[in-house]
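# turn this into a model:
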Amino acid sequence: MRIQDLAQLSTRMFKTNPLRTWLTILGMGVGTGAVVILVGLGFGLQQIILEQIVFGETLLSLGVSATGAQNLKLTTETVTAFEKKPEVLDAAPLARFPALVTYKGLTGNVFIQGVEPPYLRYAGVSATEGTVFTDADAGDTNSVMLSPAVLKLFGIDDPAAFIGQKVSFRLLIPAEDGTDTNTEVVIDKEYTVRGITKEEGVLNAMMMLPELRNYVGIEEYERIQVRVDTNENLPLIEKQLIEEGYRVTALSKTVEQASKIFQGVQAVLATFGGIALLVSAIGMFNTMTVTLLERTKEIGIMRTIGASPNDVKYLFVSESVVVGFMGGLTGVAMGVTLGLTINLFLNVVAGQFGGQSVNLFSFPLGFLSFIIVFSACVGYLTGIFPARRASSLNPLDAIRYE
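Numbers count the residues shown, from 1 in each chain. Alright, predicted model coming up:
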């Protein structure tokens, strides 16, 4: 049988029995749509979480801090030693001191962090409002970045409105003898707030490390971000640093663990959607079986005028594949439309109440293409048994069938 004839005969059902055909497609669409919307929810949740993580150099860096064991300290010599490792491209330190921040006569306790632009890139520090220090700002002596918690100290609810405001600091330098007394160092200038970080729950203010050195001697660092050259060398350097006694954290492991968790969530959601798809497939199998019984006489006529058993089998299989494919398209359209509608509704509500817009449902193109192909495969599987049964009918018995 020619492909052109096969295509024409396999789509004839849309004319001869349109109601049953479209109801079958709609049933498949409901099952497929359930899979699309539930797995799309899993993709959306994963995207919401991972969007909070800055990729690129962040995934190729290690956060190193001292554990207190073996009298280890993070000093300038430590930074140099890290940079001498063949697999390490750079090492950027962070210094931290307790301080008092003052804004329009109000004062609160914070931690002043002295950093350089590479540290911000490696640590994945980003801003919800304003801008982050870049390499061009390495010599900036007049601006700072604040965490959202600092704004709450002053009762500020709108971070965007705080950009450009002036704050001042007094450093609290711990006594070298280990007592609780602190030496207060007044920084006799005001700094302009250039950005608000995403670091919720911490009272931090960031300035350039050279600017902090103008007011206090920095003998020990709080943390060092080590930038490794390749992903393959990341575990090697991590192992070396741990063996040397340092505490090491890797954002890449957090991302990997989060991805595994969401793969499990997607599998669970897909299972629930698969149940609906299975019910739809059973309905489609029942429809194809009924169609076989109704067309038994037609099959007998086709066989007597020269159609081979394979021609009959291909006809039934192609009909079921077409129904499955159309059901996949319908399900994708239903699922994506519902998901995008919910996203739009949530964003409208978030905009009215001052929240941040999010996409709760996400539909990667590759996933949608897979669902359509998978639906066609389900159609094939549900049609293969009726097709074999139809091809094995005796032509004379089929003609006499009533």
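# could you look up the SS state of residue 236?
helix (DSSP: H, G, I helix; E, B strand; the rest coil).
# apart from its chain neighbours, what residue comes closest to it?
In this structure, residue 236 finds its nearest non-sequential neighbour in residue 87, 6.4 Å apart by Cβ to Cβ, 6 or more residues apart in numbering. C-betas here are computed from N, CA, C, even on glycine.
# tell me how many other residues crowd the one you found.
Number of residues near residue 87 (other Cβ atoms under 10 Å) recorded here: 14.
# then the one 5 residues further on?
By the other Cβ under 10 Å criterion, the neighbourhood of residue 92 contains 24 residues.
# go ahead and confirm it touches residue 125.
No - between residue 92 and residue 125 there is no contact under Cβ atoms under 8 Å: 11.2 Å.
# mutual contacts of the two, please.
Residues touching both residue 92 and residue 125 (Cβ atoms under 8 Å, 6 or more residues apart in numbering): residue 119.
# residues making contact with stretch 215-230?
Stretch 215-230 is contacted by residues 57, 60-65, 73-75, 78-79, 82, 87-97, 113-114, 118-119, 122-123, 171, 173, 185, 187, 209, 212, 234, 237, 241 when judged by Cβ under 8 Å, 6+ apart.
# if we go to 6 Å?
Residues outside stretch 215-230 that contact it (Cβ atoms under 6 Å, 6 or more residues apart in numbering): 60-65, 73-75, 82, 87-96, 119, 122-123, 171, 173, 185, 187, 234, 237.
# those in strands, which ones?
Mapping the contacts of stretch 215-230 onto strands (DSSP state E) picks out 61-65, 88-96, 171, 173, 185.
# buried ones only from those, please, as a PyMOL command.
Here is the PyMOL command that picks out the buried ones among these, judged by 16 or more other Cβ atoms under 10 Å:
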select buried, resi 61+62+63+64+65+88+89+90+91+92+93+94+95+96+171+173
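# strands of the protein, start to end?
Assigned by DSSP E, the strands in the chain fall at 61-66, 88-103, 106-115, 127-130, 143-146, 166-174, 182-186, 191-197, 204-208, 223-228, 246-250.
# returning to that earlier point: now do the contacts for the residue nearest to residue 236.
Contacts for residue 87 (Cβ under 6 Å, 6+ apart) come out as 228, 229, 233, 237.
# then residue 146?
Under the criterion of Cβ under 6 Å, 6+ apart, the neighbours of residue 146 are 193, 196, 205.
# list only those of those residues flagged as buried.
Among the contacts of residue 146, those buried by neighbour count (16+ other Cβ under 10 Å) are 193, 196, 205.
# the first one reaches residue 165, doesn't it?
The one in question is residue 193. Yes - taking contacts as Cβ atoms under 6 Å, residue 193 lies within contact range of residue 165: 5.0 Å.
# got the confidence number for the nearest residue to residue 207 once chain neighbours are set aside?
Among residues not flanking residue 207 along the chain, residue 144 sits closest, at 4.8 Å (Cβ to Cβ, 6+ apart). Turning to residue 144, the model gives it a pLDDT of 95.
# what of the one 4 residues further on?
The predicted local distance difference test score for residue 148 is 91.
# show me what contacts it?
Going by Cβ under 6 Å, 6+ apart, residue 148 touches residue 200.
# let's go with 7 Å and repeat that
With contacts taken as Cβ atoms under 7 Å, 6 or more residues apart in numbering, residue 148 has the following neighbours: 159, 196, 200.
# quick check: it vs residue 204, distance?
Applying Cβ to Cβ, to the nearest Å, the value for residue 148 to residue 204 is 10 Å.
# residue 312 now?
74 Å.
# so what's the residue positioned nearest the centre of the chain closest to, chain neighbours aside?
Residue closest to the average C-alpha location in the chain (Cα atoms, centre = their mean): residue 47, at 2.4 Å. Closest residue in space to residue 47, ignoring its immediate chain neighbours: residue 362 at 4.9 Å, by Cβ to Cβ, 6+ apart.
# for the one you found, grab phi and psi.
The phi and psi values for residue 362, taken as degrees, to the nearest 10, are phi -130, psi 140.
# how about residue 157?
Dihedral pair for residue 157: phi -100, psi -20, per degrees, to the nearest 10.
# got a list of what the nearest residue to it once chain neighbours are set aside touches?
What sits nearest to residue 157 in space, not counting adjacent residues and going by Cβ to Cβ, 6+ apart, is residue 151, at 7.9 Å. By Cβ under 7 Å, 6+ apart, residue 151 lies in contact with 159, 162, 196.
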